[in-house]
Structures are given as structure tokens and as C-alpha cells.
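Asks: Need coordinates for the following:
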Amino acid sequence: MEKMVESKSPYTAIIERIRAMVVAGEIAPGDRLPPERKLAEKFGVSRGHLRRAFQALAERGVIESRQGDGTYLLSDVERSPSVDGILEAIRHQSDMLHEIIEFRQMVEPQIAALAAKRIRRKSLDRLKIVVCDQQRALIGGRQVDGLDALFHRILAESTENRVISQVMTTIEMILNQSRSGWLQSSDRRHASIEGHLRIIDALEAGDSEAASQAMQEHIRAVERHIFE
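Replies: Numbering: from 1, shown residues only. You can find the predicted model right below:
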């Protein structure tokens, strides 16, 4: 039981393993699930797969993540929506994330390149403050995912192109799906800070090509952390 059945989707296997824990009396509705790292090791899956399965279960009221207090089983998994329905939700969300990353790769490097030509000292200082706040949050073990969105919002404003700024603000809610807390990890937050610092260096140098390249690498790193 400790080894995953290779022919199954990892998401199917995760849900079936949680069911098996309920049947075995290891957990019951109202109980807190074991920590994410331990469950991933127990089930033989990546923490990314576990987070996506948990997200789908949370959306259907089967489990609930409580900030600073872990994840709780709310209802009997046997009475939850079918595995097929949950997997369909995961597939839809995964497809959407791929499309968001594709869009960001098309647009954001160009935004960074234009910002490198036009950014003002005040905006540069604001970007540095955001990254400092990200670093402090990471050291303090706090999740402040709005800071990532703020960094990219300031960058769009720094192009001094009102259409770019308004468009990016309008679609920010869509783009924020790639910044969801359940997709975050300590490694991803470290990588985000490093990526933002490289972008700032290019902006400060007024180097459009370097800014575009830094943004491309930043988004590729986001993609790796989400899907790998």
C-alpha cells in the first residue's frame, strides 16, 4: 500500500490513499491530516501533485487548509464527488495555468524591456522595497503572495504606457492564479526573489535586452516550480 500503482494518475492515487486512511481509521472527519511533507513521502508523490489534489478536494469541501494550523478533513471522502469529477477540475486548472504561463511569456518580457527604457528612480525604489518585503516575509515564514503581483504591477506602470498598465491591472485576477498560495513553496519564493533582483539590476542599468531576458528566465522558473 505504500507504493503508488504506476498505471494510475497520481491524483487518483492520492484520493484513493486518503480514502484508505479513512477506512483504516487513521483519520476521520474533523481530524487534521499529517503534514504535507510526510504525506508526500507516505504516498510516494511530489508535493506539487499533493497540493493540486488538495486544491481540488478543498474546492469541493472535502478538506480545508487553515493558515498556520494545517489541513483538516471536513467530510467523508466516500461521500465526496466522484474521482473523475475531481480529476476533471484538476485538468482544467492545469490547462489554465499552462495558458497563463504562455501568455506571461509572450507579454511580460516586452513589458520589462520597455520599462528599462522609461522607469524612474521612484519606481525603482518601490520595486526594491517590494523585494525587501518579500525577503523579510520569507525569513519570517509568512506568506505574502500579494507582493509578487505588486512587483509586476509596478513594472507595468513603469512603462508609462497607460494601455499596458490598464490591461495588466484588468487581467491581474487571471494572472494571479499562477501565484496561488497552494502553488507556492519556500524554493519558489526564493527563486521569485532572485528573479526579481535580476530584473531590477537590468532596469537600473537601462538594459532592455537584459531586462527582457531576466523576465523570461523568471517566468520559466515559475513554470518549473509549478509543473515539476
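Asks: List the residues that contact residue 47.
Replies: 36, 37, 40, 185 (CB atoms under 8 Å, 6 or more residues apart in numbering). To be clear about C-beta, it is placed using only N, CA and C from the backbone, and glycine gets the same treatment.
Asks: Looking at the first one now. What's its pLDDT?
Replies: At residue 36, the model reports a pLDDT of 85.
Asks: which phi and psi does it have?
Replies: Phi and psi for residue 36, reported as degrees, to the nearest 10, are phi -50, psi -50.
Asks: thought it was touching residue 53?
Replies: No: counting by CB atoms under 8 Å, residue 36 sits too far from residue 53 to count as a contact (11.1 Å).
Asks: the more surrounded of those two?
Replies: residue 53 (26 against 16; other CB atoms under 10 Å).
Asks: Settle this for me: that one is touching residue 16, isn't it.
Replies: No: applying CB under 8 Å as the test, residue 53 and residue 16 come out as separate, 10.5 Å apart.
Asks: Let me see the domain layout of this protein.
Replies: 10-81, 95-227 (automatic domain parsing).
Asks: where exactly do the strands run in this structure?
Replies: 63-66, 70-73 (DSSP state E).
Asks: what's the offset of the last one from the middle of its chain?
Replies: Taking the mean C-alpha point of strand 70-73 and that of its whole chain, the gap between them comes to 19 Å (CA atoms, centre = their mean, to the nearest Å).
Asks: Pull out the buried residues from that strand.
Replies: 71, 73 (16 or more other CB atoms under 10 Å).
Asks: Give me every residue in contact with that strand, excluding its own residues.
Replies: Contacts of strand 70-73 (CB under 8 Å, 6+ apart): 18, 22, 27-33, 35-36, 54, 62-66.
Asks: Now which of these would you call buried?
Replies: In the contacts of strand 70-73, the ones that pass as buried (16+ other CB under 10 Å) are 18, 22, 27, 33, 36, 54, 62, 63, 65.
Asks: check contacts around the fifth one.
Replies: When contacts are counted by CB under 8 Å, 6+ apart, residue 36 is found next to 47, 50, 51, 71.
Asks: Tell me where the model's unsure across the protein.
Replies: For the chain, the stretches flagged by pLDDT under 70 are 1-11, 76-93, 144-145, 181-184, 228.
Asks: mind saving the C-alpha coords of stretch 156-170 as CSV?
Replies: The C-alpha coordinates for stretch 156-170 follow below in CSV (Å, rounded to 0.1, in the frame of the first residue of the first chain):
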residue,chain,number,x,y,z
ALA,A,156,3.8,47.6,-15.9
GLU,A,157,3.2,51.1,-14.6
SER,A,158,6.9,51.9,-15.2
THR,A,159,6.4,51.5,-18.9
GLU,A,160,4.4,54.8,-18.7
ASN,A,161,2.0,53.3,-21.2
ARG,A,162,-1.5,53.6,-19.8
VAL,A,163,-2.9,50.9,-22.1
ILE,A,164,-0.3,48.4,-20.9
SER,A,165,-0.9,49.4,-17.2
GLN,A,166,-4.7,49.2,-17.5
VAL,A,167,-4.7,45.9,-19.4
MET,A,168,-2.4,44.2,-16.9
THR,A,169,-4.5,45.5,-14.0
THR,A,170,-7.7,44.3,-15.6
